[in-house]
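Trainee: After the sequence you'll find the predicted model.
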Amino acid sequence: QLLDLMHTLHTRAASIYSSWAEEQHHLEASGKKIEADSQTLWTSCWCPLLQGIAWLCCDARRQVRMQALTYLQRALLVHDLQTLDAAEWESCFNKVLFPLLTKLLDNISPADVGGMEETRMRACTLLSKV
């Protein structure tokens, strides 16, 4: 359920961003301001959610790992992240993908050696596609 919630939040981040942009002028009138740009959205929303999904990719339960990897792949390859600039993509590699691969080198699920190898291969494939 947590994984589904994180995925839903990630897929709706763009509409939240649009709402922030629309309300921007109302907030400026009252002296408050929300930075509604991709850098703020990346830092405050997308990156923490992707880190959470990547953390679930390292779960000892095979089904949770596989579903988390599927969501992470969808998020990184299909969704609104195409608007990120070079610095934000670098952050994605350094804060999401590389820590994921490092963690997957650990012996997370000793009883599921084959499943862990499959998880590692899928994560490496995702890295190369990104």
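Mentor: Ah, there it is. Numbering: from 1, shown residues only.

Trainee: what about the chain, any weak spots by pLDDT?
Mentor: 1-3, 5, 8-14, 16-18, 20-37, 79-80 (pLDDT under 70).

Trainee: what do you get if the cut-off is 80, keeping everything else the same?
Mentor: Residues of the chain that meet the criterion pLDDT under 80 lie in 1-41, 78-83.

Trainee: does the most centrally placed residue in it sit in a helix or strand, and which one?
Mentor: Geometric centre of the chain, nearest residue: residue 50, 1.8 Å, by CA atoms, centre = their mean. Take DSSP states H and E as the rule and residue 50 turns out to sit in helix 47-56.

Trainee: Just the buried residues of that helix, please?
Mentor: 47-50, 52-54, 56 (16 or more other CB atoms under 10 Å). C-betas here are computed from N, CA, C, even on glycine.

Trainee: How about stretch 68-78?
Mentor: Quick answer for stretch 68-78 (16+ other CB under 10 Å): 68-73, 75-76.

Trainee: Stretch 122-130 too?
Mentor: In stretch 122-130, counting by 16+ other CB under 10 Å, buried: 122-123, 126.

Trainee: ok, back up a step: spit out the contact partners of the residue nearest to the residue nearest to the centre of the chain when sequence neighbours are not counted.
Mentor: Residue nearest to residue 50 in three dimensions, not counting chain neighbours: residue 96, with 4.7 Å by CB to CB, 6 or more residues apart in numbering. Going by CB atoms under 8 Å, 6 or more residues apart in numbering, residue 96 touches 47, 50-51, 54, 72.

Trainee: right, and the residue nearest to the centre of the chain touches residue 75 too?
Mentor: Yes - the criterion here is CB atoms under 8 Å, and residue 50 meets it with residue 75 at 6.2 Å.
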